[in-house]
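Undergrad: 3D, please:
(2 chains)
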2 protein chains.
Amino acid sequence: MAYKLLILGAASATPTSTQYTTSQLLTMREQLFLIDCGEGCQQQLRRNRAKMSRIHHIFISHLHGDHYFGLIGLISSFHLQRRTKTLHVYGPPALENIIQVQLKASKTWLSYPLEFHPTQADKVEHILDGEKVDVYSIPLVHGIASTGFKFVEKPSLRKLNVEAVEKYGVEESDRRNLQLGQDWVSSQGETIPNTALTQDPIPPLSYAFCSDTQYSEAVIPAVSGVDLLYHESTFTKRERSLAEITKHSTAGDAAQIAAQANVRTLVLGHYSSRYKTRDVHLREAREYFPEVIAGTENLCIHVDHDSIHAVQE
Amino acid sequence: MAYKLLILGAASATPTSTQYTTSQLLTMREQLFLIDCGEGCQQQLRRNRAKMSRIHHIFISHLHGDHYFGLIGLISSFHLQRRTKTLHVYGPPALENIIQVQLKASKTWLSYPLEFHPTQADKVEHILDGEKVDVYSIPLVHGIASTGFKFVEKPSLRKLNVEAVEKYGVEESDRRNLQLGQDWVSSQGETIPNTALTQDPIPPLSYAFCSDTQYSEAVIPAVSGVDLLYHESTFTKRERSLAEITKHSTAGDAAQIAAQANVRTLVLGHYSSRYKTRDVHLREAREYFPEVIAGTENLCIHVDHDSIHAVQE
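TA: From the prediction side, this is the model:
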């Protein structure tokens, strides 16, 4: 199935009068996943008419403010909207206390359960085993503990080979088991292998988000083959030394990871405010990898098996 | 001297796609005072081209998020801009820890000293004895500890009565003491009283900010006679019972305080999102007090001795 990624903020460090810090809204298998939550994220969600009440999972990569200062406002707004459904927040362990001290100071007892799931940046972890989507955290290399996230659709049901199913006379009630991959036993006791009755399902789509990180090939196995890879690209190569000092990446770094991981398309972001356009980032990335999109505020990227295209909302 | 008040946010509870929660920037005697700091405040400052580096004092009324969730982002941005001058933050005691846990989580050692000044909501306190402006905190009545703030210009120097000064032959070097209110002794030993040589200075201007509060006449002595009074007006009288439950005020409440405190002009704000216009607030307030301005985002109110007028920036 298709998914879409809405870029809510693509600036690094501080918001400007028109730009927002890192936040993205992923809609995959009809579920909404919020990834990072910079200041003003909730306003960006409203401007893009996102269904805020359908956000049940928020993933925070690390505790630099440009990736989470909007979280407490969103948590608070959910409360004021009298939300009742559980909100799952995934992030570094210290985030839980940051949320709690602020709720306590305002004497707020949330109208809904908030379940906090601490991440750790030592190894890849399977942090959400959802009904329709699996989510993994991915260790990154930055000044403080930082993780990326990978979202993978659960495998679809196998497709029935309608001709074969009818030929063998498989009852309607047995067809679900075929879709789940089981073999079929006829009323005469004959076992027909599943592959004779079904076809492989559509392969799952995936998205990987590599938040603040220096260039690190260690990330490649975890993001290998994803359909869309976001990789931070704070700098261009003229600021290579600055990238090293601050443990950030250049656009060329991001593209080299994309190339080695054999992804379909790369999306850039987390630009330093020193750059007025994304032209140099795009040019430098394309030296290593052809399919590059410059992520910008309110850009929505649609991903399916046939194409990946971006629409400015 | 004239002062100006820029409304950065006038919404209550949560920002909307076009509105911001409480923040105001007061420019008095060439000093910038930031009053409350809702989420997105720093973007509003940038949009209004405020000289952020000249903000040295921030006053937080209370710890409901719509009054301070933008503070940590602003503190962080000052650091990223390599600020060196001391920032003074005034607010409820628990605010200090809220700031510190977030700085600690990002391993940030600020580039500038941050001096935290805890407020308390039991009595009026003189919290800033500045060179040009005095600031007082004012207890309010709300669900959690909440204070207003009053900003008063320091008295100007007395005005020399040029005719009299020349008649008595007061030396240039003695004139400063006259302006400070001292009597003058001539070279013949005769004492001339100050009032014979000077006139009263221009009276100091003042601004009072009454943040979240229910109707409370206890506030009147502290705001009596101010030139401009901001008083929250979350509701209109149709929501009177809701105002009582949530310990907020109606526009009529705000105007009754303004009338009893004999202020020059009242500015309204902190509107519930249920109201689409400010018409009913203005009409209800004017039943009690004639000079009312509806505070809205990016409205700048200019106050001098002759007039008070508002300009949409």
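
Undergrad: Flag every residue of the stretch 101-250 of chain A that's near chain B.
TA: A:101-102, A:104-107, A:143-144 (CB under 8 Å from any CB of the partner chain). (Glycine included, C-beta is placed from N, CA and C.)

Undergrad: Go through the residues you listed and flag which are in helices.
TA: A:101-102, A:104-105 (DSSP state H).

Undergrad: May I ask which of those residues has the most neighbours?
TA: Using other CB atoms under 10 Å in any protein chain shown as the neighbour test, these are led by A:Gln102, with 26 neighbours.

Undergrad: That one against B:Leu95, yeah?
TA: No: assessed by CB atoms under 8 Å, A:Gln102 is found out of contact with B:Leu95, at 9.9 Å.

Undergrad: residues bridging contact with the two, i.e. touching both?
TA: Residues touching both A:Gln102 and B:Leu95 (CB atoms under 8 Å, 6 or more residues apart in numbering or on different chains) are B:Leu63.

Undergrad: A:Val152 and chain B: what is the separation?
TA: 29 Å (CB to the nearest CB, to the nearest Å).

Undergrad: list the contacts for that residue?
TA: Going by CB under 8 Å, 6+ apart, A:Val152 touches A:133-136, A:204-206.

Undergrad: that older thread, for chain B, state which of the ones in helices among the residues of the stretch 101-250 of chain A next to chain B is nearest.
TA: A:Ala105 (4.1 Å; CB to the nearest CB).

Undergrad: Tell me where the model's unsure across the stretch 101-250 of chain A.
TA: Within the stretch 101-250 of chain A, not a single segment meets pLDDT under 70.

Undergrad: Mind jotting down where the helices sit in it?
TA: With DSSP state H, counting those that start in this stretch as the criterion, the stretch 101-250 of chain A has helices at A:162-168, A:175-179, A:194-197, A:220-223, A:240-246.

Undergrad: got those as CSV, with mean neighbour count columns?
TA: Output for the helices of the stretch 101-250 of chain A, formatted as CSV (neighbours: other CB atoms under 10 Å in any protein chain shown):
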stretch, mean neighbour count
helix A:162-168, 13
helix A:175-179, 16
helix A:194-197, 17
helix A:220-223, 18
helix A:240-246, 14
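
Undergrad: Out of the ones you listed, which is closest to B:Asn161?
TA: Closest to B:Asn161 of the helices of the stretch 101-250 of chain A, according to CB to CB: helix A:240-246, at 62.8 Å.

Undergrad: Pull the distance from that closest one to the chain's centre.
TA: 26 Å (CA atoms, centre = their mean, to the nearest Å).

Undergrad: who are the neighbours of the next helix or strand after that helix, in terms of helices and strands?
TA: Counting by DSSP states H and E, the element after helix A:240-246 in chain order, helix or strand, is helix A:251-261. Here helix A:251-261 touches helix A:220-223, strand A:228-232, strand A:265-269, helix A:279-286, going by 3 or more CB pairs under 8 Å, 6 or more residues apart in numbering or on different chains; DSSP states H and E.

Undergrad: ok so, going back, how about a markdown table for the helices of the stretch 101-250 of chain A, with distance to B:Gln199 added?
TA: Shown next, in a markdown table, are the helices of the stretch 101-250 of chain A (distance: least, CB to CB, whole Å):
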| stretch | distance to B:Gln199 |
| --- | --- |
| helix A:162-168 | 101 |
| helix A:175-179 | 95 |
| helix A:194-197 | 102 |
| helix A:220-223 | 77 |
| helix A:240-246 | 60 |
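
Undergrad: and of the ones you listed, who's closest to B:Phe69?
TA: Going by CB to CB, the one of the helices of the stretch 101-250 of chain A nearest B:Phe69 is helix A:240-246, 26.3 Å.

Undergrad: Touching that closest one from outside, list them.
TA: Contacts for helix A:240-246 (CB under 8 Å, 6+ apart): A:143, A:214, A:234-235, A:248-250, A:253.

Undergrad: mind running it again at 10 Å?
TA: A:12-13, A:142-143, A:212, A:214-215, A:233-237, A:239, A:248-250, A:252-253, A:272, A:274 (CB atoms under 10 Å, 6 or more residues apart in numbering or on different chains).

Undergrad: Show me just the buried residues among the residues you listed.
TA: A:12-13, A:142, A:212, A:214-215, A:233-236, A:239, A:248-250, A:252-253, A:272 (16 or more other CB atoms under 10 Å in any protein chain shown).

Undergrad: Can you give me the domain assignment for chain A?
TA: A:3-156+A:202-312, A:159-198 (automatic domain parsing).

Undergrad: Output the ones you listed as a markdown table; include the columns distance to B:Gln188.
TA: Putting the domains of chain A into a markdown table (distance: least, CB to CB, whole Å) gives the following:
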| stretch | distance to B:Gln188 |
| --- | --- |
| domain A:3-156+A:202-312 | 66 |
| domain A:159-198 | 115 |
